[in-house]
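Participant: coords below, sequence missing:
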């Protein structure tokens, strides 16, 4: 049985581009600190290629941890979060819920890069919600609320807690608000 967090292949391709957009916004935080490491950039490029239908689902599932080396190294928290955003975008072929992970880690990277800016996360969320097209919105709305489904990225683990969980909850609320507006 397919997980509620997987989405159809077509929907995963649809949300992959949005996840890549979210992750790419913070890529500079990582590259400024580690200019020779192109792992996160390659992960984002793979997410975009998957969205265009150029990459096979099974191959991308096997490769989803290829860029993870960057996240294991010692970097600033903001650079680490930016690399995690790219890794989450690259994991969308495996499970659509990772799109929310990409957005949440991008917002976390922005917050960590500007700890004195109280509005940094709100601005990032506004940008992310503004980038959601109707097909992306329809696909993301199929995902269960963060923290309420036992298994998968949106389960009661890391993405459901702290700032990551707050960001995903706000994104999901924003999707629900868009539904009420039409």
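Facilitator: That came in fine, so what should we check first? Not measured: the values here are computed from a predicted model.
Participant: ranges for the strands of this protein?
Facilitator: Applying DSSP state E to the chain gives no strands.
Participant: so what's residue 62 scoring on pLDDT?
Facilitator: Note on residue 62: pLDDT of 59.
Participant: I meant residue 58, not that one.
Facilitator: On pLDDT, residue 58 comes in at 64.
Participant: what's the answer for residue 179, then?
Facilitator: For residue 179, the pLDDT comes out at 60.
Participant: cool, residue 116 as well?
Facilitator: Looking at residue 116, its pLDDT reads 96.
Participant: what about it, distance to residue 162?
Facilitator: To residue 162, residue 116 is 19 Å away according to C-beta to C-beta, to the nearest Å. C-beta here means a position set from N, CA and C on the backbone, and glycine is covered the same way.
Participant: looking at these two, which is more packed in?
Facilitator: More crowded of residue 116 and residue 162, by other C-beta atoms under 10 Å: residue 162, with 11 against 5.
Participant: hang on, residue 158 packs against residue 168?
Facilitator: No - judged on C-beta atoms under 8 Å, residue 158 makes no contact with residue 168 at a distance of 10.9 Å.
Participant: tell me what the lengthiest helix in the chain is packed against?
Facilitator: Longest helix of the chain, by residue count under DSSP state H: helix 162-181. Applying 3 or more C-beta pairs under 8 Å, 6 or more residues apart in numbering; DSSP states H and E, one finds that helix 162-181 makes contact with helix 98-113, helix 120-130, helix 134-140.
Participant: I'd like the distance from the shortest one to the chain centre, please.
Facilitator: This points to helix 134-140. 14 Å (C-alpha atoms, centre = their mean, to the nearest Å).
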